[in-house]
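**Q** no letters, just coordinates:
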């Protein structure tokens, strides 16, 4: 660990703190339909869209109508993406003449991008045409992020409104999310990334001759090494290199700003064409947290309690700092299984620590920061390989997702996930003092708690169920690269990432198979929509309730005590649910590594 490393982490958090209030105020004005500086340009375009699509922007929806609209939009969008993938060989902007995507993989990818997961069982540069990348994947990066934001705003309205049956209009929230929050910032951000060297073109790939031929292990269609009869790796001689390129910057910025995570290239944000400089690295990191952090202030402003918004932000920031500190310390400590005498300390001549799987341009501190940020948010973009982290360093990203990614979280998704924990926290506080729980003037009753617990229970049920099947059945366990507890961690991480709509992976697991494509697609759909529906039900129920003035017995939700209780509820729910699985995976691996043993 170095002073410079800690400074970079602290500087990043200060940037996020600085943008929280202005971003939160802006979004509150957008979704309250108040005037903003963008209205002269965007308001006529918004009216045109409503006129063309037949949307009545003044029509208010009950939560059931809001949910049906969201589900229909998502289903049609997913079907269109599936068709684009299957038919891409016949569509334009395909200079590499890439064929159609296989059915199971196309289903998995369509489910992935529709749910804002962006889990990728393929290499983007060798599988998806420019048309698929732009009209299919990049479109969903905007649409899925806008859906998440719309759900969060609907939930906030449910808290803020009194004795009303409606929570807004899904189509208006969707359009305003895209036009005001996503598109303008991405246009500016894409140009900023291009200025740093991120590629943006429609040229065919270039092929160049290598100065020196390279000998590399030959791999099969599943990416596994081909072995000779004597058990040795079969080697290939490579004399040429194909340099992939394409419309990268336009997809890269929404990948981060919309917390999507799907990379144009297989190496994702470790690729120099996606993330070429330290400044581009900072811009992309900043984009992952900016909107989600701002939404905490939007919560406070729209509900009339800015201090509550800051209390929620403080809980997120504390959990973020704990996670990034553990990851940085674990990776900077290095691997004790290395031969005796290896120097793990950072110096002017070496980086120190565990550099396996790290992007050498950015080092351990920035890679640890990125791994924490991308799994705190449901982003999934990576600048290092989590599979190569130390057991504790790799456990932090896994735990971040298991906590439902409410530490700032995905665009919209992080906030509405945190609101579920807030309901549970005030419910527990109410039980402690023997009063009906209250939250910002609304009584939290049995229906609200039942819906909140349904959200909490769906998540581990999907993760642990599919993980158990994959660990004991041959069609799942045959994909494991590493035996023992690390192999279990690979499976557990895969389904946790997909259920949490994150999209990052341990990468040691071969998931482009019929089982993992199908089970993963189901997991992503369940992790998105089976959790959104109970949340909208809570929002609709809260909107109907009368306002109850605070009394001496009301538990305040604006104090450090509330922040501490909220953190405790988040950690306890996560620990009690997933600790047995973690103890057989990364925790056991850490204990074995510390004892000098390995599988």
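**A** Thanks, I have the structure now. Every value quoted in this text rests on a predicted model; they were computed, and no experiment measured them. Numbers count the residues shown, from 1 in each chain.
**Q** so for stretch 215-227, what's the average pLDDT?
**A** If you average the pLDDT over stretch 215-227, you get 78.
**Q** where in the stretch 101-250 of the chain is pLDDT low?
**A** Along the stretch 101-250 of the chain, the parts satisfying pLDDT under 70 run over 222-223.
**Q** how does it look with 90?
**A** 118-119, 121-126, 210-242 (pLDDT under 90).
**Q** name the element the closest residue to residue 412 other than its chain neighbours belongs to?
**A** In space, and not counting its chain neighbours, residue 412 is closest to residue 148: 3.3 Å by CB to CB, 6 or more residues apart in numbering. Using the backbone N, CA and C atoms, a C-beta is placed for each residue, glycine as well. Assigned by DSSP states H and E, residue 148 belongs to helix 139-160.
**Q** contacts for stretch 221-239?
**A** Contact with stretch 221-239 is made by 209-210, 213-220, 510, 512-513, as judged by CB atoms under 8 Å, 6 or more residues apart in numbering.
**Q** please repeat the previous calculation with a cut-off of 10 Å.
**A** By CB atoms under 10 Å, 6 or more residues apart in numbering, the list of residues contacting stretch 221-239 from outside reads 123, 209-210, 212-220, 478-479, 481, 510, 512-513.
**Q** what's the separation between the closest residue in space to residue 244 that isn't next to it in sequence and residue 181?
**A** In space, residue 244 comes closest to residue 125 once its chain neighbours are excluded; the distance is 3.7 Å by CB to CB, 6+ apart. In this structure, residue 125 and residue 181 are 30 Å apart, going by CB to CB, to the nearest Å.
**Q** still on that earlier bit, wait, doesn't the residue nearest to residue 412 sit right on residue 259?
**A** Yes. Using CB atoms under 10 Å, residue 148 is in contact with residue 259, at 8.0 Å.
**Q** picking up where we left off before, of the contacts of stretch 221-239, buried ones?
**A** Listed as buried from the contacts of stretch 221-239 are 479, 510, 512, 513; burial here means 16 or more other CB atoms under 10 Å.
**Q** these into JSON lines, with extra columns for distance to residue 383 and secondary structure?
**A** As requested, those are arranged in JSON lines below (distance: CB to CB, whole Å; DSSP: H, G, I helix; E, B strand; the rest coil):
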{"residue": "479", "distance to residue 383": "25", "secondary structure": "coil"}
{"residue": "510", "distance to residue 383": "22", "secondary structure": "coil"}
{"residue": "512", "distance to residue 383": "23", "secondary structure": "coil"}
{"residue": "513", "distance to residue 383": "27", "secondary structure": "coil"}
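**Q** hmm, which helix or strand of this protein has the shakiest average pLDDT?
**A** Least confident element among the helices and strands of the chain, by mean pLDDT, DSSP states H and E: helix 586-594 (a mean of 77).
**Q** how near is residue 425 to residue 570?
**A** For residue 425 relative to residue 570 (CB to CB), the value is 8 Å.
**Q** so what's in contact with those two at the same time?
**A** In contact with both residue 425 and residue 570: 315, 418, using CB under 10 Å, 6+ apart.
**Q** the two: which is more packed in?
**A** residue 425 (26 against 23; other CB atoms under 10 Å).
**Q** give me the three-state assignment for the more buried one.
**A** helix (DSSP: H, G, I helix; E, B strand; the rest coil).
**Q** thought it was touching residue 315?
**A** Yes. Residue 425 is in contact with residue 315 according to CB under 10 Å; the separation is 9.4 Å.
**Q** which neighbours do the two share?
**A** 418, 562, 563, 564, 565, 566, 567, 568, 569, 570.
**Q** in the helix or strand where the fourth one lies, what's buried?
**A** Element membership of residue 564, judged by DSSP H and E, is helix 560-584. Across helix 560-584, burial judged by 16+ other CB under 10 Å covers 562-563, 565-567, 569-570, 573-574, 577-578, 581-582, 584.
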